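Chemist: got a sequence here, can you model it:
(chains A, B and C)
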Amino acid sequence: MSKFHTMTAAHVAAGLRKREFSSLEVTRSFLDRIASLDGHLNSFITVTPESALAAAKAADARIAGGEAVTALTGVPYAHKDIFCTKGVRTSCGSRMLENFIAPYDATVTRRFQDAGMVMLGKTNMDEFAMGSSNETSCFGPVRNPWDLQRVPGGSSGGSAAAVAARIAPFATGTDTGGSIRQPAALCGITGIKPTYGAVSRFGMIAFASSLDQGGPMAVTAEDAALVLNVMAGSDPRDSTSVERDKEDYTRVLGDPLRGLRVGMPKEFFGSDGLDPKVGDAVHAAAAELVRLGASLVEVSLPNSELSIPAYYVVAPAECSSNLSRFDGVRFGYRCKDPKDLMDLFCRSRGEGFGAEVKRRIMIGTYALSAGYYDAYYLQALKVRRLIRNDFDAAFTRCDVILGPTSPTTAFRIGEKTDDPVTMYLSDIYTIAVNLAGLPGMSIPCGFADGLPIGLQIIGRHFDEARMLNVAHQYQQATDWHARLPAQFA
Amino acid sequence: MSLSRQDVEKIAHLARLQITEEQIPGFAAQLSNILAFVEQMNSARTAGVEPMAHPFDTPTRMRDDVVTEINEREVMQSIAPAVEAGLYLVPKVIE
Amino acid sequence: MSWEPVIGLEIHAQLQTKSKIFSGASTAFGSEPNTQACIIDLGMPGVLPVLNREAVRMAIAFGLAIGAPVAPRSIFARKNYFYPDLPKGYQISQYETPIVGKGSVRILMDDGAVREIGVTRAHLEEDAGKSLHEDFHGMSGIDLNRAGTPLLEIVSEPDMRSAKEAVAYMKTIHALVRYLGICDGNMQEGSFRCDANVSVRRGGDPKFGTRCEIKNINSFRFVERAINHEIERQIEVIEGGGKIDQETRLYDPDRNETRTMRSKEEANDYRYFPDPDLLPVVVDDAFVAAVRDSLPELPEAKRERFMAHYALSAYDAGVLTASRELADYYESTVAAANGESKFAANWVMGDLAAFLNKEGREIADSPVTPAMLGSLVNRIVDKTISGTIAKKVFELMWNGEGDPDAVIARHGLKQVTDTGAIEKAIAEVMAENPQQLGQYRSGKDKLFGFFVGQVMKKTQGKASPEQVNALLKDKLAP
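Modeler: Residues are numbered from 1 along each chain as shown, chains lettered A, B, ... in the order given. Prediction:
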């Protein structure tokens, strides 16, 4: 029995290219792990063994032919169930789309196919990506591989758990307010939310269009860079995807950190909500970077505490409109025997959406409605500008910003479900990055009581390569990222 | 802002969400909490600040006027709740 | 008590692009239901809009044509409401910053009066689908082929004071968009639609009354009738002591009445906000300049040129420039008729218009081409045929008998100018009608016409009328 699950995606890819083993073997091995282990986690909504094996065979043929072999040809992955996959159920964790077979492929899905990568299945997530614990999924909660009584974080909790348990070499995620970084932190993996506009949103079911961004969730920064090479790139089908030259995100991974200025926002470390063990681990990581040649500078993000309030207006406002298309007319859930049109709309949506989605739709509807628009929506957009200005100012003094990803380690399932606002606060360090459109990532930087701690690195717009360089150098010097939960070793 | 029962009913109707009588107090309390929390942003000094609807202020992309799509009605309607004669069926539309 | 109506129109012109405003699906009319509704038009989860540059170009052309500023930066917003023919639950439209700002057009009334009507704005938006009300076991059917077709919504100022002015304005905009080649103007197919905002106020009152919006007006005739009906209804309500509620009313052409739209009963709250899927539409000077350079001659300029160059009255010039096709037809006819502009105008506005009208044909489908009509005019001018015979020739041409020379030759319609032949006919007529001849010679001058008619009849209408007149005068003299 091969130990593919102990290898990074880069190692698997290298072995495939050298034909030390086949994609079929690797794919079978991961499908077996999913079959035997995912019962503990509930990280997959849909597993697609048949198409995975077919894709693996095609990848092997491609490698054998030596044609059009890309860095990740033949490497399996798990796809967040928010990306449309033609002919495969794409549920978004919602009863609304419980039986929705997507009629087309997302751009990201297509890019992976074109690169010869092998989709193992679709991962569980908070309903419509609204949640920080993966408890809002209509397919049930995902469990954290480090402690099955705890949440994996969210909304990309299924992807994070699958990678942490190594039942998939890497996975995709999406991040609107922290949905890649926070679960990456809570599950002890590497996740990157790229600059807004770097990865196409076409076919990625929208939550909040001006904030959503897809990105990789992987074991190492190097793997994340390789995956981002496939995911990122301008897309003519997404008006908000930025037109830039294709770049190689691995190109500076090996650069030393000498001369790097690391910004430490004072607001990130003074707050009451921060678990001291998390704070200590982040400071220790900063010290490690200093040892690697970087210098620390204190910076200030004075409006950062307003990021959650602003976010909980902007994101619900956009979501209230984005989710209007789920009306029971053309696809998705439709209530039984609607008595008239109003009944069709109200009941299909009332029955198809879960409580958190409804709350956000209602908040957004309220914030945009006549008489409240200026006080809520417009004010939030102004605060958003202030938050962005804070980052612009900070980045005049540093190259990357460092901080915790999440104020705590993984919390217990059910611990925060009664109080939405408490739940929202678990994204306190990640949300500002989305409002500003910046790239941010989380890497493992220690453990507290057996639970992983995440280190957040924030970069300038389109400075992913530098962030990945910092993460990679850190991972060369540490082994937090290489640890596996005992049950899944 | 504290939301009344009527506020919740009005918002739910605008958003076309059926919620039951019993759910209304819960929603009213939660939504009021969220709004109270959100109102922290009123402390920000935003006079003269340009609203920022989008991370980038770049021009929108435009495409050439070319027909690129083909008829995929069969696939599209295979996932529809109710169709007949190529039409999506809904309860009677009254104008 | 005198009442003054105040009218403003919102015109929706479908832009003649090949593909939709935000997708690559075809905009062709009349296809099987939902065969031209792609994933984007259907609002499938995850899809995104990408703006059609040609729709932007067309909107700019309209803006330039009405002398309005073109916004260097305009914003698409979402107008949120639920309706089964609105797939995304919102319409992408422009709200606070439309692409075309304030401009104006001048309308020409039948009495020759010219009025300037303000255009508040024009903005781009997507059309919705259609609800078909045929009964599917008590259900309605939704066809989304039309969803996503680009529309230019042209909003007028409340500058019109009668239904007639509203019609004249609508016709002016109709001609303009067709001149610009941005809309086919087909009202039956819904390419050019109009909603009217109507209110009434007492003469001299500076304040506007409460207005009602009338929807579903799809012909020029209905605009006039619907507005007049609504004016009467409002006056009746107010004079009866009632008050007008601001509401949307639907015009029913079969009953010639407007009624409240039940589906719009509740107050709308559209929750407009900038569409986060689309960034600002930026139009640079070069783009505008290129559109300006490609603008055709516009109706008003053409009308003035026709008046100056062809010596036409304002009315005639107005009629002949009502559409670009008609104006082109006229100009080609004048060219073929060696510059006989008035003759050509009379024929185009007279017989040609009558035949087109009778058969409900468009000028483009006329079996009589400008070249044929021009040479017909030439045959009248060179006296090959008389005006009366020309009408007959025209009809034969209309029925597909070919150019006028062929028709004249085939039917022997050439004018008789041979004095001998005419004198022979006169002699015969005088011999056959001795009684009338006597009466004429004894002073009953009115009988002269009788003799002309008889001679023309004997020559099958082909005799030159002037010659007949001259010779008859001579022969009939006692």
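Chemist: first to last residue in stretch A:363-372, what's the distance?
Modeler: End-to-end distance for stretch A:363-372: 11 Å, by CA to CA, to the nearest Å.
Chemist: any buried residues in it, and which?
Modeler: A:363-369, A:372 (16 or more other CB atoms under 10 Å in any protein chain shown). C-beta: built from backbone N, CA, C; applies to glycine.
Chemist: kindly report the same for stretch C:383-396.
Modeler: C:384-386, C:389-390, C:392-394, C:396.
Chemist: stretch C:411-425 too?
Modeler: C:413, C:415-416, C:422, C:425.
Chemist: contacts for that stretch next, please.
Modeler: C:383-386, C:389, C:392-393, C:396, C:407-408, C:455, C:458-459, C:462-464, C:467-468, C:471, C:475 (CB atoms under 8 Å, 6 or more residues apart in numbering or on different chains).
Chemist: can you tell me which one of the buried residues of stretch C:383-396 sits lowest on pLDDT?
Modeler: Among the buried residues of stretch C:383-396, C:Ser386 carries the lowest pLDDT, at 84.
Chemist: how about the contacts made by that residue?
Modeler: C:380, C:415, C:461-462, C:464-465.
Chemist: which of those are buried?
Modeler: C:380, C:415, C:461-462, C:464.
Chemist: ok, now which ones touch C:Ile107?
Modeler: C:114-117, C:165, C:168-169, C:171-172.
Chemist: any stretches of chain B with poor pLDDT?
Modeler: For chain B, the stretches with pLDDT under 70 are B:1, B:95.
Chemist: looking at chain A, which residue is nearest chain B?
Modeler: A:Gly437 (2.5 Å; CB to the nearest CB).
Chemist: need the contact list for that residue.
Modeler: A:195-197, A:388, A:461, B:54-56.
Chemist: so which of the residues you listed reach chain C?
Modeler: B:54, B:56 (CB under 8 Å from any CB of the partner chain).
Chemist: in strands, which of the contacts of A:Gly437 fall?
Modeler: Taking DSSP state E as the definition of strands, the contacts of A:Gly437 contribute nothing to them.
Chemist: tell me the one of the contacts of C:Ser386 nearest chain A?
Modeler: C:Ile380 (61.0 Å).
Chemist: so for residue 21, what pLDDT did the model give?
Modeler: With no chain named, the answer covers chain A. On the pLDDT scale, A:Phe21 gets 97.
Chemist: chain C, not that one
Modeler: 98.
Chemist: so it: helix, strand or coil?
Modeler: Secondary structure for C:Ile21, judged by DSSP: H, G, I helix; E, B strand; the rest coil, is coil.
Chemist: secondary structure element holding A:Ala160?
Modeler: helix A:157-164 (DSSP states H and E).
Chemist: tell me the spacing between the closest residue to A:Gly414 other than its chain neighbours and C:Asn218.
Modeler: Nearest residue to A:Gly414, sequence neighbours excluded (CB to CB, 6 or more residues apart in numbering or on different chains): A:Glu135, at 7.4 Å. Per CB to CB, to the nearest Å, A:Glu135 is found 53 Å from C:Asn218.
Chemist: okay, those two: which has more neighbours?
Modeler: A:Glu135 (23 against 16; other CB atoms under 10 Å in any protein chain shown).
Chemist: now the more buried one: how far from A:Met423?
Modeler: Distance from A:Glu135 to A:Met423, by CB to CB: 9 Å.
Chemist: and stretch A:140-155, anywhere near chain C?
Modeler: No. Legend: contact between stretch A:140-155 and chain C by CB under 8 Å from any CB is lacking; minimum distance shown is 15.5 Å.
Chemist: give me the distance from that stretch to the chain's centre.
Modeler: 15 Å (CA atoms, centre = their mean, to the nearest Å).
Chemist: over to stretch C:382-395?
Modeler: With CA atoms, centre = their mean, you get 30 Å for stretch C:382-395.
Chemist: convert it to PDB, retaining C-alpha atoms only.
Modeler: Extracted C-alpha coordinates of stretch C:382-395, given in PDB (Å, rounded to 0.1, in the frame of the first residue of the first chain):
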ATOM      1  CA  ASP C 382     -41.400  64.600 -72.300                       C
ATOM      2  CA  LYS C 383     -45.100  64.300 -73.100                       C
ATOM      3  CA  THR C 384     -44.800  60.600 -74.200                       C
ATOM      4  CA  ILE C 385     -47.800  60.000 -71.900                       C
ATOM      5  CA  SER C 386     -50.300  62.200 -70.100                       C
ATOM      6  CA  GLY C 387     -50.700  62.400 -66.400                       C
ATOM      7  CA  THR C 388     -53.900  60.400 -66.600                       C
ATOM      8  CA  ILE C 389     -52.300  57.600 -68.600                       C
ATOM      9  CA  ALA C 390     -49.300  57.700 -66.200                       C
ATOM     10  CA  LYS C 391     -51.600  56.500 -63.400                       C
ATOM     11  CA  LYS C 392     -52.500  53.600 -65.500                       C
ATOM     12  CA  VAL C 393     -48.900  52.900 -66.300                       C
ATOM     13  CA  PHE C 394     -48.100  53.100 -62.600                       C
ATOM     14  CA  GLU C 395     -50.700  50.500 -61.800                       C
END
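Chemist: could you find the closest non-adjacent residue to the closest residue to chain A within chain B?
Modeler: Closest residue of chain B to chain A, CB to the nearest CB: B:Pro55 (2.5 Å). Excluding its sequence neighbours, the residue lying closest to B:Pro55 (CB to CB, 6+ apart) is A:Gly437, at 2.5 Å.
Chemist: on that earlier part again, burial measure for the residue of chain B closest to chain A, as a count.
Modeler: 24.
Chemist: got it, and C:Gly185?
Modeler: Count around C:Gly185 with other CB under 10 Å applied: 19.
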